[in-house]
Structure formats: structure tokens, C-alpha cells
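Visitor: Structure of the sequence below:
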Amino acid sequence: MDLRKMRLDDTTNAYSSEERDEYEKDYARLVQSPAFRRLQGKSQLFGAGSGDYYRTRLTHSLEVSQVAREVARRLQKTYGFLARKEHPGLMIDPTVVECAALGHDLGHPPFGHKGEEVLNQLLSAEHGLAYEGNAQNFRILMFLEKRAGSESGLDLTAAVLLGINKYPYSLGEEGRIKGVYPMEWEGIQYLRDAWNMPKGCATLEAQLMDLSDDIAYSTHDIEDGIRSGKIQMNRTFFEDKRLVDQLIQEIVEDQGNVAVGWDQVNLQEMVRQVLADYLEQWETIYAECDNEASRTRREMKARWVSRFANRVGIIDDPETGWKRVTFVDGDEQDLHLLRTMEILKKLAWVTLIKDFRVQRLQKRSEIMLHRLWDTFKVYETGRLILPPDWIESYEQNKSTWSWERMVADYIAGMTDAYAEKVYLELFANKSGSIYEMD
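Guide: Below you'll find the predicted structure:
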């Protein structure tokens, strides 16, 4: 058996008889799934529907998949050990990383990071449960979505499932913040054991998908910020002490990025230098583009994506005995470029997400999610106003699916617009036929 193409449910490929590669079937299952379509209505940075220019979770996922696929092709030609197929987790297939990128954001609820934060607070405070976007990916892929021949999920290949699993831990372990819910972890652990994966290590494909996500975030989202006017391309904005202080604060408070070695540099000096270099590059390209801002934005994005993507490589990780996909300079990890990317990510975060107008919208979405949760959370009344197919699924699976988790799954699956629609149906003064509101 090809361990990379094994499936948890359809082990004999009884429902996979088409003359297509297994990964191509995974691609089709992902892009034809309702969960994937719903990404077009979920916020990336700006609320979905804010304009016809800004990115949604769908366009973001497509862009991540394009970066990941192209880098995978280059790495295949660069690193000879990949062709030797020494270990199923030490291989990189462009189609696998493309599929992993397409599926990496399915678990995000409506209203972006605020939605994730609110659902986690509600579940943990009232029921001791967690909500986490990466874990929700696997709820969708392995349980909630349905396809012909599978009673549970899309039944993707092991390579694609593990390619999405950038946090290879169970949230059932004490202290874990990111990972996989215990129910789905059983399947993921089974695949990892079959592959003989080192504890706590992600496959090369998962690492590449994760890095490609960061590349997209630090380039594409800044383009949206410039287009919106929230990132102003002038010296007054880029040299503002308040901006520098905010970036430093975000970096210091982000414990997930200590591995890039912030203690090895003068943080304030580096932040100021990255901002100065970015603005100087903008001014140069702006002149090259005949002072046309839209062309400059696209060219800036393209050059930064190229710079990051061309520096992706694979090194040995002495701490784990595994290998690491990261930015490289020769045979060493390029910490300077990693830090630069983190500063650009934080630039997008503090100028967009932290903007007071965005915060007002997030407060509004927080109120809506709280009221939706309070409306559905009691079984006796909630079952009367939830869609019949959800109630039927719950009754069939309630031995392993608590009511509270089901309600969180239902709310998390909503697009921004649908969450607001349901909220208005429940709480707004509105007359007319119920069929007109569907």
C-alpha cells in the first residue's frame, strides 16, 4: 500500500474508480465542497462584501496554493533527497501542497479572527471546550462535509490531511492552544503512526504550506492595506513613532515567533530599517511605474512574493532530528528574512485589524455571535430553529457529538453575510413572508 495515498474510510478505493491520480481526486473534492465555496463569504482582513477589490478567505487560499505549488516545483528540482522518497513525510508533491493550501482555512468562522476568539471564549467558559480554526479544518474535512461513499468527511489522502496538519498535536493535551480536536486526532494519529512520523514534527508539505501562508499574508494583505488607504505610503506614516511602538509591542507579545531570534537584534532599529527600506522601494517603483499607484502596488507585491518564494529551502533541524522548510541563505537559515517577514505581517495587523473602524465592526460581530449562541445553545429551544438536516445529523451522531459542539459547528460554518441574515431574522423588526427572507 502507498502510505501517502491511503484513506481512512475508503481503504479499498471502492468509491475512487475514476482514471485520475488520488491527489487530483482530493483537489476535486476540496474545490467542489460547500465549505470551500463558503470561503468567498468569509473575511480575510476586510469584511466580505466590503468591496470588489479586497481579498476574502477564498482568494487568499487560492493565492497561498499558487505560491506553495510553484515553490514545491522548484524544491523538487533543487533537493535530490526528495526524489529518493526516503520517508513519506520527507517528500514534496506540488499537487499535495496545493490541496493542503486550499483546505488550510476551511475552519475559520465568520468575521475572521474575532469570530474564532468569540467561539472559543463561549465554549471554554460554558463547557470547557475549545474552538480553534486549525482544529475546525479537520472537523470539516473528516466529519462535517459529506461525499458519496463516505459517511464522514471528504476522506482525503493521508498526504493531504497531514499536509494541512501544521500543528501535529491533540487539543486534548493540557496546555495546547493549537492542534486537532481529540475526536479527529485519533485519525490523524493513526496516519502519523503509519508513517512513523517523529512526535511533534510536521511533514515537509505541511511546513511549506504554512510558510506559503505567511508569505501571502505579509505581501497580499499589505497590498489590500495600501489600496484601502490604511497603509499610507509616505514618510509621515512610516516614521511615526506610534506605528513603530505598536509593531514592537505585537512582536514582543507574539510568543509563537520567538524562534526567529529577536533577542539577537536591536528590535527597534530593525523595525525602523525594514519600514524605511519598504518605503524607499515603493518610491523607486512608483517612479518606474510613471507615478501610477495601482501598478506600483502590484509590482511591490510581485517583487516581495518572488523574494520570499525564491529563498525557501530545506535544512536539517538539529533540535528535532527532522528537516525544516524555511528561508535559507546558502546552507543556513535566513533569520533576517524571517524577521523581515514577521515585521511586514505585523504591519498588516496593526494598521488593518487594529484600526478603530475595524474594531467597531468586530465589536458588532461579537455582539451578533453572542446572541446567536445564546439563541441556539439550549437543546429544547434551539432544535426548533436550526435547519432540519443539522438536527438529523446531530441525532445520528450525538453519542460522539455534543449539542454545544454542534451549535459551534453550525455558527462557524456561516459566511459573514449569512450570520448577519440569521441574526436579523431573529432580532430585527421585519415584516413580510418568511419565504422572502430565505
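
Visitor: residues contacting the residue nearest to the spatial centre of the chain?
Guide: In the chain, the residue lying closest to the centroid (Cα atoms, centre = their mean) is Asp105, at 3.8 Å. Shown in contact with Asp105 (Cβ atoms under 8 Å, 6 or more residues apart in numbering): Leu39, Arg57, His60, Ser61, Gly133, Asn137. Where C-beta positions appear, they are placed from N, C-alpha and C, glycine not excepted.

Visitor: Mind doing that once more with 7 Å?
Guide: Leu39, Arg57, His60, Ser61 (Cβ atoms under 7 Å, 6 or more residues apart in numbering).

Visitor: what's the farthest-apart pair in those?
Guide: By the measure Cβ to Cβ, Leu39 and His60 form the most distant pair in these, at 8.1 Å.

Visitor: quick one, strands of the stretch 251-400 of the chain?
Guide: 312-317, 322-329, 332-333 (DSSP state E, counting those that start in this stretch).

Visitor: Tell me which residues are up against the shortest one.
Guide: Going back to what we said before, that points to strand 332-333. Ile315, Thr326, Phe327.

Visitor: what's the closest non-adjacent residue to the second one?
Guide: Right, the one you point to is Thr326. Residue nearest to Thr326 in three dimensions, not counting chain neighbours: Gln333, with 5.2 Å by Cβ to Cβ, 6 or more residues apart in numbering.

Visitor: on that earlier part again, now the strands of the stretch 251-400 of the chain as a markdown table including mean neighbour count and mean pLDDT?
Guide: Shown next, in a markdown table, are the strands of the stretch 251-400 of the chain (neighbours: other Cβ atoms under 10 Å; pLDDT from 0 to 100):
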| stretch | mean neighbour count | mean pLDDT |
| --- | --- | --- |
| strand 312-317 | 18 | 97 |
| strand 322-329 | 20 | 97 |
| strand 332-333 | 15 | 94 |
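
Visitor: Ok, which of those comes nearest Gln359?
Guide: When the strands of the stretch 251-400 of the chain are compared (using Cβ to Cβ), the closest one is strand 322-329, at 32.4 Å.

Visitor: Pretty sure Gly179 sits against Tyr169.
Guide: Yes. With contact defined as Cβ atoms under 7 Å, Gly179 reaches Tyr169; the gap is 3.7 Å.

Visitor: Neighbour count for the two, which is higher?
Guide: Taking other Cβ atoms under 10 Å, Gly179 and Tyr169 do not tie; Gly179 has more neighbours (23 against 18).

Visitor: Could you check how far that one is from Glu292?
Guide: 46 Å (Cβ to Cβ, to the nearest Å).

Visitor: okay, who's weakest in the contacts of Asp105 by pLDDT?
Guide: Within those, Arg57 has the lowest pLDDT, namely 88.

Visitor: Quick one: residues contacting it.
Guide: Leu39, Lys42, Gln44, Asp105, His108.

Visitor: Same check on Met6?
Guide: Applying Cβ under 7 Å, 6+ apart, the residues near Met6 are Thr157, Ala158.

Visitor: can we see that at 10 Å?
Guide: The contact partners of Met6, by Cβ atoms under 10 Å, 6 or more residues apart in numbering, come to Asn13, Glu22, Pro88, Thr157, Ala158, Ala159, Leu161, Tyr190, Leu191, Ala194, Trp195.

Visitor: Check which residues of the worst-scoring helix or strand of the chain on mean pLDDT are buried.
Guide: When each helix and strand of the chain is scored by mean pLDDT, DSSP states H and E, helix 356-376 comes last, with a mean of 90. The neighbour-count check on helix 356-376 (16 or more other Cβ atoms under 10 Å) flags Val358, Leu361, Gln362, Ser365, Glu366, Met368, Leu369, Leu372, Trp373, Thr375, Phe376 as buried.

Visitor: nearest residue to the last one other than its sequence neighbours?
Guide: In this case it means Phe376. Nearest to Phe376 is Gly382, by Cβ to Cβ, 6+ apart, at 4.1 Å.

Visitor: burial measure for that neighbour, as a count.
Guide: 19.

Visitor: And the pLDDT for it?
Guide: 96.

Visitor: Could you report the distance from it to Ile231?
Guide: Gly382 is 43 Å from Ile231, by Cβ to Cβ.

Visitor: quick one: the residue nearest to the centre of the chain is in a strand?
Guide: No. The assignment for Asp105, made by DSSP: H, G, I helix; E, B strand; the rest coil, is coil rather than a strand.

Visitor: Next one: it from Asp331, what distance?
Guide: On the measure of Cβ to Cβ, Asp105 and Asp331 end up 33 Å apart.

Visitor: Lys166 reaches Asp210, doesn't it?
Guide: Yes. Under the criterion of Cβ atoms under 10 Å, Lys166 makes contact with Asp210 at 4.4 Å.

Visitor: what residues are shared contacts of those two?
Guide: Ala100, His104, Ala202.

Visitor: Closest one of the residues you listed to Arg297?
Guide: Looking across those and measuring by Cβ to Cβ, the closest to Arg297 is His104, at 25.1 Å.

Visitor: Look at the residue nearest to that closest one when sequence neighbours are not counted and say how many residues are nearby.
Guide: Sequence neighbours aside, Ile164 is the residue nearest to His104 in space, at 5.6 Å (criterion: Cβ to Cβ, 6+ apart). Neighbourhood size, Ile164 [other Cβ under 10 Å]: 29.

Visitor: Numbering from 564 from now on, please.
Guide: All set: I'll call the first residue 564, so the last point we hit is now Ile727.

Visitor: Kindly confirm whether my reading is correct that Met863 touches Asp840.
Guide: No. Between Met863 and Asp840 there is no contact under Cβ under 10 Å: 12.0 Å.

Visitor: between the two, which one's more packed in?
Guide: Met863 (22 against 11).

Visitor: I'd like to know how far the more buried one sits from Pro597.
Guide: If you go by Cβ to Cβ, the gap between Met863 and Pro597 works out to 35 Å.

Visitor: got it, and His783?
Guide: Counting by Cβ to Cβ - His783 and Pro597 are separated by 25 Å.

Visitor: Of those two, which one has the most company?
Guide: His783 (22 against 11).

Visitor: Chain neighbours aside, what residue packs nearest to the more buried one?
Guide: Distances taken as Cβ to Cβ, 6+ apart place Glu626 nearest to His783, at 5.7 Å, with adjacent residues excluded.

Visitor: right, and the helix or strand after the longest helix along the chain?
Guide: Longest helix of the chain, by residue count under DSSP state H: helix 767-791. Following helix 767-791 in sequence order, the next helix or strand is helix 798-801 (DSSP states H and E).

Visitor: All set now, cheers.
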